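S.K.: How does the following fold in three dimensions:
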Amino acid sequence: MCGIFSYLGNNPEVLRLLIEGLQRLEYRGYDSAGVCVHNGNVGLLVEKSAGKVANLRDLVKGKQLPEAATYNGISHTRWATHGKPNDVNAHPHMTKTRKVAVVHNGIIEN
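M.R.: Just a heads-up that it's a prediction; the model follows:
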């Protein structure tokens with residue numbers, strides 16, 4: 001089952017907070033996890049991984065975000081009903097310009 005956790009505030013430890021939020025959702029079952037943070041200065045930082053939230057935590061370990069007045073971020077756990085459980089299909093999904101990141105629950109079809 002998918003889960004979404006987000007943050008908006010001034011805490012530079014936003015990555016840790018987002019990961020902790022996902023860890024609280026782990027009981028729901030999932031096969032991939034991802035996180036996206038925007039700090040207003042350098043754009044989007046996106047990390048995603050098939051597997052457990054612990055894999056995602058290892059990916060962001062030691063990453064420092066530039067100082068900013070406000071941080072906003074979103075994180076997601078995905079349960080694959082469509083598409084294989086892999087890094088590419090993990091959320092968040094990015095536009096080609098990397099200016100927009102999206103997470104969603106459910107299926108989006110054209």
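S.K.: Which residue comes closest to the residue nearest the centre of the chain once chain neighbours are left out?
M.R.: Nearest residue to the geometric centre of the chain (Cα atoms, centre = their mean): residue 35, 1.6 Å. Once flanking residues are discounted, residue 35 sits nearest to residue 75: 4.3 Å by Cβ to Cβ, 6 or more residues apart in numbering. All C-beta spots, glycine's among them, are computed from the backbone N, C-alpha and C.
S.K.: and the helix or strand containing that neighbour, which strands flank it?
M.R.: Here residue 75 is covered by strand 71-78, with elements defined by DSSP states H and E. Partner strands and pairing direction for strand 71-78 (DSSP bridges) are strand 3-9 (antiparallel), strand 32-38 (antiparallel).
S.K.: Quick one: closest of the ones you listed to residue 105.
M.R.: strand 3-9 (6.8 Å; Cβ to Cβ).
S.K.: Packing partners of whatever helix or strand comes next after the closest one?
M.R.: Once the chain leaves strand 3-9, the next helix or strand it forms, by DSSP H and E, is helix 14-24. Judged by 3 or more Cβ pairs under 8 Å, 6 or more residues apart in numbering; DSSP states H and E, the packing partners of helix 14-24 are strand 3-9, strand 32-38, helix 53-60, strand 71-78.
S.K.: what's across from the residue nearest to residue 48 when sequence neighbours are not counted in the sheet?
M.R.: Closest residue to residue 48 apart from its sequence neighbours, by Cβ to Cβ, 6+ apart: residue 34 at 3.1 Å. Under the criterion DSSP bridges, residue 34 forms beta bridges with residue 48, residue 76.
S.K.: I'd say residue 34 and residue 75 touch.
M.R.: Yes: the pair residue 34 / residue 75 is scored as a contact, 6.7 Å apart, by Cβ atoms under 8 Å.
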